[in-house]
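*Asks:* Quick one, fold the following:
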Amino acid sequence: MNADIFKAYDVRGRVGTELTPEVCKKIGQAFADWLPEKGVVAVGRDMRPDSAELAAAVIDGLRAQGREVLDIGLVTSDMIYFAVGHYKLAGGAVITASHNPGDYNGIKFCREEAKPVGIENGLLEVRDSALKGIFNNPDARGEITTKNITEDWITHALNFVDAKKWPSYRIAIDAGNGMAGAIIPSLEKYVSLNITPMYFELDGTFPNHIANPLEPKNLIDLQAKVKEDKLDFGVAFDGDGDRQALIDETGEPLSGTVMTAMLAKYFLQKNPGATILYNVICGRAVKETIEALGGRAIRTRVGHSFIKADMRKYDALFAGEHSGHYYFKDNFSADSGLIAALIAIQVLADSGKKLSELVAEFKTYVSIPETNFTVDDKAAVIAELTKAFGDGEQDTLDGLTVNYPTAWFNVRPSNTEPLLRLNVEARTKEELDSLVSRVRATIEK
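*Replies:* Coordinates of the predicted model:
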């Protein structure tokens, strides 16, 4: 077993070489022994060609250690968190590699109450146990039951909104051949939305485009459909359905910063003084919006396991990441692409505006898409940037953030690849271009 498949907050590796049924069974055994609570463990999977086989191996490992398993079948990743929290289970695992190419797969975990399992809260112990291959000796093999949780999940998600008061919006939804394509049809009978489906056929080889709405090229088809058919807006989901991006009626995507600010305003108007979390690469509009409305704004590291832990630590009502992950206290402090999309529709319906008009107030800065640089020594490059940008206010909560009065940038190391990820924002395009050029020159010299 290659220890490198254990990332910061999940398992991720190439199928057939790094991630095999034998490896997955051992991981299932290690997870079964590690889980702090006794009881049932839920297992779900995405639509990748090998996910069923790998899920069966994880289930085999869990049962070998005496764990009872609830097999919930094909699900979005946010449904595993729901299953564990709603049915009060000991933990859960979902077989998915999210938006990674089709030759990858992975496993996301959670423990009781949908609490995260990442590098700082249990995943290293699971890794070490799986690598050693030394497990407990249970009295008996665990039983397995199956359950379709889609209707319960849809009911839960709709509790966040009042869909009966929505206009009959004409929209397009791009599932990217990912798991959202299996779930959205079950939602349609409960809402007045007139949905044009795009790439709803489950296909883990992603024949149309990679299901990653953070990459602008993956939104081209949805943007074209929204503009050609004069739709009210569009929604794009990632492969495992836990992230989404909105496209306004002009075809313009809403960034994670704009979406976080918009939802933060919604929650603070209903819950004055609430605590809202946002990660280090969200733009300044988020903090400014939260504080202007009297909320408590707290910055966090990037990554779901870190944010979910901080949600409980600070009793936060809502959290947003620039990458399109949105977390809700009433969703067991877990993220959900579907719930985020539904609340955004509610905000739009309440406003009576077009989506482009609604979000205009949050577009106070300009930014670049997250840009990756392949480097040999990530720490050395960050040290060089720290020295080169000593004239700015610096912090190292997650990588290096350098703040100036009307601009900032963050460079952080990838948890999974030899990459540095750059995010830059400024008040004007000229200042943005200048800062990007300076940072790029330092990284590439």
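*Asks:* Same question for Lys108, what's its three-state structure.
*Replies:* strand (DSSP: H, G, I helix; E, B strand; the rest coil).
*Asks:* before we move on, what about Asn372?
*Replies:* Following three-state DSSP, the label given to Asn372 is strand.
*Asks:* With adjacent residues omitted, what lies nearest to it?
*Replies:* Leu419 (4.6 Å; C-beta to C-beta, 6 or more residues apart in numbering). (Glycine included, C-beta is placed from N, CA and C.)
*Asks:* For Ile173, give me its contacts.
*Replies:* By C-beta atoms under 8 Å, 6 or more residues apart in numbering, the contact set of Ile173 is Ala180, Ile184, Ile195, Thr196, Pro197, Met198, Phe200, Gly234, Val235, Ala236, Phe237.
*Asks:* now the helices for the chain?
*Replies:* For the chain, applying DSSP state H gives helices covering 21-34, 51-64, 77-86, 123-132, 150-158, 180-188, 220-228, 256-270, 284-292, 304-313, 337-351, 355-359, 378-388, 429-444.
*Asks:* okay, these in a markdown table with mean pLDDT and distance to Lys165 next?
*Replies:* Shown next, in a markdown table, are the helices of the chain (pLDDT from 0 to 100; distance: least, C-beta to C-beta, whole Å):
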| stretch | mean pLDDT | distance to Lys165 |
| --- | --- | --- |
| helix 21-34 | 98 | 43 |
| helix 51-64 | 98 | 38 |
| helix 77-86 | 98 | 24 |
| helix 123-132 | 98 | 42 |
| helix 150-158 | 98 | 12 |
| helix 180-188 | 98 | 16 |
| helix 220-228 | 98 | 23 |
| helix 256-270 | 98 | 15 |
| helix 284-292 | 98 | 24 |
| helix 304-313 | 91 | 29 |
| helix 337-351 | 98 | 6 |
| helix 355-359 | 98 | 16 |
| helix 378-388 | 96 | 49 |
| helix 429-444 | 97 | 39 |
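*Asks:* In CSV, list those along with mean neighbour count.
*Replies:* Formatted as CSV, the helices of the chain follow (neighbours: other C-beta atoms under 10 Å):
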stretch, mean neighbour count
helix 21-34, 23
helix 51-64, 22
helix 77-86, 26
helix 123-132, 18
helix 150-158, 18
helix 180-188, 20
helix 220-228, 18
helix 256-270, 23
helix 284-292, 20
helix 304-313, 21
helix 337-351, 22
helix 355-359, 19
helix 378-388, 15
helix 429-444, 15
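*Asks:* start to end distance for stretch 246-255?
*Replies:* Taking C-alpha to C-alpha, to the nearest Å, stretch 246-255 runs 8 Å from one end to the other.
*Asks:* can you pull the buried residues of that stretch?
*Replies:* Leu246, Ile247, Asp248, Glu249, Gly251, Glu252, Pro253, Leu254, Ser255 (16 or more other C-beta atoms under 10 Å).
*Asks:* quick check, nearest of the residues you listed to Ile210?
*Replies:* Pro253 (15.6 Å; C-beta to C-beta).
*Asks:* Surely the closest one touches Val235?
*Replies:* No. If you go by C-beta atoms under 8 Å, Pro253 and Val235 don't touch, sitting 10.7 Å apart.
*Asks:* what do these two both touch?
*Replies:* Common contacts of Pro253 and Val235, defined by C-beta under 8 Å, 6+ apart, comprise Ala245, Leu246, Ile247.
*Asks:* from those residues, which single one is nearest Gly91?
*Replies:* Distance to Gly91, by C-beta to C-beta, is smallest for Ala245 among those, at 29.7 Å.
*Asks:* how far away is that closest one from Ala344?
*Replies:* Using C-beta to C-beta, to the nearest Å, Ala245 is found at 10 Å from Ala344.
*Asks:* Assess the claim that Val436 and Val424 are in contact.
*Replies:* Yes. Applying C-beta under 8 Å as the test, Val436 and Val424 come out as touching, 5.2 Å apart.
*Asks:* Report the set of residues contacting both of the two.
*Replies:* Here Val436 and Val424 have Ile368, Phe409 as joint contacts, going by C-beta under 8 Å, 6+ apart.
*Asks:* where in the stretch 101-250 of the chain is pLDDT low?
*Replies:* Confidence mapping of the stretch 101-250 of the chain against pLDDT under 70 gives zero matching residues.
*Asks:* Just send the helices of the chain back as CSV, with distance to Leu397 too.
*Replies:* Formatted as CSV, these follow (distance: least, C-beta to C-beta, whole Å):
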stretch, distance to Leu397
helix 21-34, 28
helix 51-64, 34
helix 77-86, 25
helix 123-132, 21
helix 150-158, 31
helix 180-188, 32
helix 220-228, 34
helix 256-270, 17
helix 284-292, 13
helix 304-313, 10
helix 337-351, 24
helix 355-359, 27
helix 378-388, 13
helix 429-444, 18
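*Asks:* hang on, the earlier thing: hmm, which two among the buried residues of stretch 246-255 are most spread apart?
*Replies:* That would be Glu249 and Ser255, which, of the buried residues of stretch 246-255, are the farthest apart (C-beta to C-beta) at 16.5 Å.
*Asks:* Looking at the shared contacts of Pro253 and Val235, spot the one nearest Phe160.
*Replies:* Leu246 (16.0 Å).
*Asks:* Need the pLDDT of the residue nearest to that closest one when sequence neighbours are not counted.
*Replies:* Closest residue to Leu246 apart from its sequence neighbours, by C-beta to C-beta, 6+ apart: Leu254 at 4.4 Å. The model reports Leu254 with a pLDDT of 97.
*Asks:* tell me the contacts of Leu254?
*Replies:* Ala245, Leu246, Ile247, Asp248, Met262, Leu355, Val359.
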